[in-house]
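*Asks:* Have a look; sequence and predicted model below, questions after that.
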Amino acid sequence: MSADGPDSALETLLLPLLDGPLSWPREGGALFLRARDGWPLHQRAFPGLACEQSFKPEADALQRSGMSLVDADATARYPLVLVLPPRQRDEARALYARAIACTAPGGRVLACVRNDEGAKSGEADLAKLAGPLGQLSKNKCRAFWTAPLDGPGDPALLEQWRQLDAPRAIAAGRFVSRPGVFAWDRIDAASALLAAHLPHDLRGTAADLGAGYGYLSTELLARCPGITALDLYEAEARALELARQNLQAQRERVALDFHWHDVTTGLGKRFDVIVSNPPFHAQGRADRPDIGRRFIAVAAEALAPAGRLWMVANRHLPYEAELAKQFARVRTVAQDKGFKVFEAARD
């Protein structure tokens, strides 16, 4: 069970391999794109399974359970490629295209999507690339798979869809982003509200918790010339790589460090300033205010005695009690458009 509840998509994904009509490859193993750990993955042995996951908490869970992780740029081809597609459609289409490109001659792609997250659309998209599919429905999910492949049914469409995930300019060219990253095609309104209220006297070493593609870090450095070093912490590797690009011009001015990291596990460093727009979802749909509360506790642990936290949150999220618990002084700086900005200090 995941923190968001039973992982019905993972369970259903494996049913065609456990109950038929598919069988596990005798040789060559399988590649699992957007892999997640869970009890369905441990029902039986899956020899040669290689997992790819760019979201740090999920990658850590896979490693703890003994799964083998591979890098996203791996070029090996497999007789079976498993996919748990993301909700963002351009990102999902790019992942289907990549799954087919990673499939060895005669191999198959097997995917699964929850009904309420676009199962019919996902099945139709894979069929556009690969032709007629097999299908199994259970647990309010749909698993679907290709026939043995000797390449894509539509090579031109496959190449077009592979580019859907490519980084591209947004916000009038100020930033580079890509589908699937949080607020990928715009400047997030909550982060913009926080940036607009950052005081110019923030100085010293700083951290951005949940940095995304780097908007808030960029604004912090632009507004606060006293910042001498900045560490960016981001759980999604695809977003962190964008942040590296977007802050490249700042490298000569301040010391920058980029961490593919699950903030909820702690930071292990001290800072004078922390800014954050904490996530309140993991990879499911359910609200997860516990993540934001843990971000607050970690920030309190990581701040120097005179350090300051500046954070923004959706107005409905119950963070005031945790802020009061962790900090000696807390004030609400602004409330606008459904968001609230806080400043908190340890003493």
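*Replies:* Alright, I've got the coordinates.

*Asks:* Next, count neighbours for the closest residue to Arg87 other than its chain neighbours.
*Replies:* Leaving out its chain neighbours, the residue that sits closest to Arg87 by CB to CB, 6 or more residues apart in numbering is Glu117, at 5.4 Å. All C-beta spots, glycine's among them, are computed from the backbone N, C-alpha and C. The number of residues packed near Glu117 is 17, by other CB atoms under 10 Å.

*Asks:* Arg186 versus Glu117, what's the distance?
*Replies:* Look at Glu117 and Arg186: by CB to CB, to the nearest Å, they are 22 Å apart.

*Asks:* Likewise for Gly204?
*Replies:* 31 Å.

*Asks:* Likewise for Ser68?
*Replies:* 37 Å.

*Asks:* And the residue nearest in space to the middle of the chain, how close does it get to Pro305?
*Replies:* Centre of the chain computed as the mean C-alpha position; nearest residue by CA atoms, centre = their mean is Glu236, 3.9 Å away. Going from Glu236 to Pro305 by CB to CB gives 32 Å.

*Asks:* Likewise for Val333?
*Replies:* Between Val333 and Pro305 the computed distance is 21 Å (CB to CB).

*Asks:* who's more crowded, the two?
*Replies:* Val333 (16 against 9).

*Asks:* tell me the SS of Glu322?
*Replies:* At Glu322 the chain is in helix, as set by DSSP: H, G, I helix; E, B strand; the rest coil.

*Asks:* Can you get me a residue count around the nearest residue to it once chain neighbours are set aside?
*Replies:* In this structure, Glu322 finds its nearest non-sequential neighbour in Arg293, 4.4 Å apart by CB to CB, 6+ apart. Each residue near Arg293 was counted by other CB under 10 Å, and the total is 21.

*Asks:* I'd guessed Arg293 sits against Glu320; true?
*Replies:* No - counting by CB atoms under 8 Å, Glu320 is not a contact partner of Arg293; they are 10.6 Å apart.

*Asks:* In the protein, mark out all the helices, start to finish.
*Replies:* Counting by DSSP state H, the chain has helices at residues 8-18, 56-64, 89-101, 119-130, 155-162, 189-197, 215-223, 237-246, 289-302, 320-326.

*Asks:* Using TSV, lay out the ones you listed together with mean pLDDT and distance to Pro40.
*Replies:* Below are the helices of the chain laid out as TSV (pLDDT from 0 to 100; distance: least, CB to CB, whole Å):
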stretch	mean pLDDT	distance to Pro40
helix 8-18	97	4
helix 56-64	97	13
helix 89-101	96	19
helix 119-130	97	18
helix 155-162	94	28
helix 189-197	97	35
helix 215-223	98	37
helix 237-246	97	24
helix 289-302	95	24
helix 320-326	96	34
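
*Asks:* Turn the ones you listed into CSV, including distance to Lys140.
*Replies:* Compiled in CSV, the helices of the chain are given as follows (distance: least, CB to CB, whole Å):
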stretch, distance to Lys140
helix 8-18, 6
helix 56-64, 21
helix 89-101, 18
helix 119-130, 9
helix 155-162, 27
helix 189-197, 31
helix 215-223, 36
helix 237-246, 28
helix 289-302, 25
helix 320-326, 34
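
*Asks:* ok, now which ones touch Arg329?
*Replies:* Listed by CB atoms under 8 Å, 6 or more residues apart in numbering, the contact set of Arg329 reads Ala344, Ala345, Asp347.

*Asks:* how near is it to Asp347?
*Replies:* As judged by CB to CB, Arg329 and Asp347 stand 8 Å apart.

*Asks:* now swap in Glu11 and tell me
*Replies:* Taking CB to CB as the measure, Glu11 falls 49 Å from Asp347.

*Asks:* So which of the two has more stuff around it?
*Replies:* Using other CB under 10 Å, the more surrounded residue of Glu11 and Asp347 is Glu11, with 20 against 8.

*Asks:* list the contacts for Lys138?
*Replies:* Lys138 touches Thr12, Leu15, counting by CB under 8 Å, 6+ apart.

*Asks:* How much space separates it from Lys120?
*Replies:* Distance from Lys138 to Lys120, by CB to CB: 15 Å.

*Asks:* repeat for Ala249
*Replies:* Using CB to CB, Ala249 is found at 44 Å from Lys120.

*Asks:* isn't Phe280 right up against His316?
*Replies:* No - Phe280 is beyond contact range of His316, at 9.6 Å (criterion: CB under 8 Å).

*Asks:* the more surrounded of those two?
*Replies:* Neighbours were counted for Phe280 and for His316 using other CB under 10 Å; Phe280 has more, 19 against 10.

*Asks:* so who does the nearest residue to Thr146 once chain neighbours are set aside touch?
*Replies:* Nearest residue to Thr146 in three dimensions, chain neighbours excluded: Ala130, at 4.2 Å (CB to CB, 6+ apart). With contacts defined as CB under 8 Å, 6+ apart, Ala130 is in contact with Ile100, Val109, Thr146, Ala147, Leu149, Pro152, Gly153.
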